[in-house]
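In: predicted model and sequence below, questions to follow.
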Amino acid sequence: MPAATELIRSFTPESDLERRLASDPELVAGLAWGEPRSGHPEGSVGAHVSDLLEALDREGVSGAERARLRFLALVHDSFKYRVQEWRPKTGGNHHAARARHFAERYTDDERLLATLELHDRPYNLWRKMRRKAHLDEAAFEDMLGRIPDPQLFLRFIELDGSTEGKNPEPLRWFRDQLERREVLAPTGAAERAAEEG
């Protein structure tokens with residue numbers, strides 16, 4: 001089996017945690033999984049992770065935020081290979097639930113664990129809304145109630161959704177929902193406050 005450093009372009013572990021993740025055979029198997037498909041023209045999970053880590057480098061993300069986002073990038077899709085295709089992709093058979101279960105061996109930080117578990121939920125709610133012509137408010141509120149750090153959550157799903165083949169519309173919709181519900185300050189509000197102050 002190839003090493004994580006072979007599956008993720010230019011990947012060099014930046015912490016002991018990343019070194020342990022990169023040597024975990026379950027994670028490495030997940031990084032190797034995947035072929036080009038809708039939403040993921042890059043193919044393997046490792047190639048997708050490469051794109052996310054390179055985006056963080058281009059943006060100059062540093063410190064604790066960088067460490068959290070890199071952890072999320074490494075783990076979030078790496079358990080798609082464990083999904084049993086003959087069963088519904090819900091509950092414990094969803095790749096995000098499997099990613100959370102795996103990550104619990106490495107961290108007890110609920111901000112990270114909830115982000116892993118729920119990272120596809122906004123997109124799924126958006127798709128359901130498009131089909132039914134109305135938002136499932138109860139499901140949306142349930143999701144929000146399970147997210148301890150909305151800023152980190154949004155930051156990661158925007159990163160995950162920034163790669164080739166991803167539709168930006170669900171991300172704009174989700175950010176707008178968070179701003180309208182005053183979970184986050186409106187885009188540009190911090191800049192306006194700084195200018196006024």
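Out: Perfect, thanks for sending it. Residues are numbered from 1 along each chain as shown.

In: okay, N93: pLDDT?
Out: Reported pLDDT at N93 in the predicted model: 58.

In: also K166?
Out: Predicted confidence (pLDDT) at K166: the value is 85.

In: what's the answer for the one 3 residues further on, then?
Out: What the model reports as pLDDT for E169 is 96.

In: ok, P148 next?
Out: Note for P148: predicted pLDDT of 97.

In: not counting residues beside it along the chain, what's closest to E117?
Out: R100 (4.0 Å; Cβ to Cβ, 6 or more residues apart in numbering). For every residue, glycine as well, the C-beta is placed using N, CA and C.

In: help me confirm that the one you found is found in a strand?
Out: No: residue state for R100 (DSSP: H, G, I helix; E, B strand; the rest coil) corresponds to helix; a strand is not indicated.

In: contacting residues around it?
Out: For R100, the contacting residues are L113, A114, L116, E117, taking Cβ atoms under 8 Å, 6 or more residues apart in numbering as the criterion.

In: ok, so what distance separates the third one from S23?
Out: To S23, L116 is 19 Å away according to Cβ to Cβ, to the nearest Å.

In: show me which of the two is the more surrounded one.
Out: It is L116, of L116 and S23, that has more neighbours when counted by other Cβ atoms under 10 Å, with 27 against 12.

In: wait, is the more buried one part of a helix?
Out: Yes: in this structure, L116 lies within a helix as judged by three-state DSSP.

In: give me the pLDDT for it.
Out: According to the prediction, L116 has pLDDT 98.

In: what comes into contact with stretch 141-159?
Out: By Cβ under 8 Å, 6+ apart, the residues outside stretch 141-159 that reach it are 52, 55-56, 65, 68-69, 72-73, 76, 110-111, 114-115, 117-119, 121-123, 125, 171, 174-175, 178, 181, 183-184.

In: any idea how far the helix or strand hosting L152 is from the middle of the chain?
Out: Take DSSP states H and E as the rule and L152 turns out to sit in helix 150-160. Taking Cα atoms, centre = their mean, to the nearest Å, the mean C-alpha location of helix 150-160 is offset from the chain mean by 7 Å.
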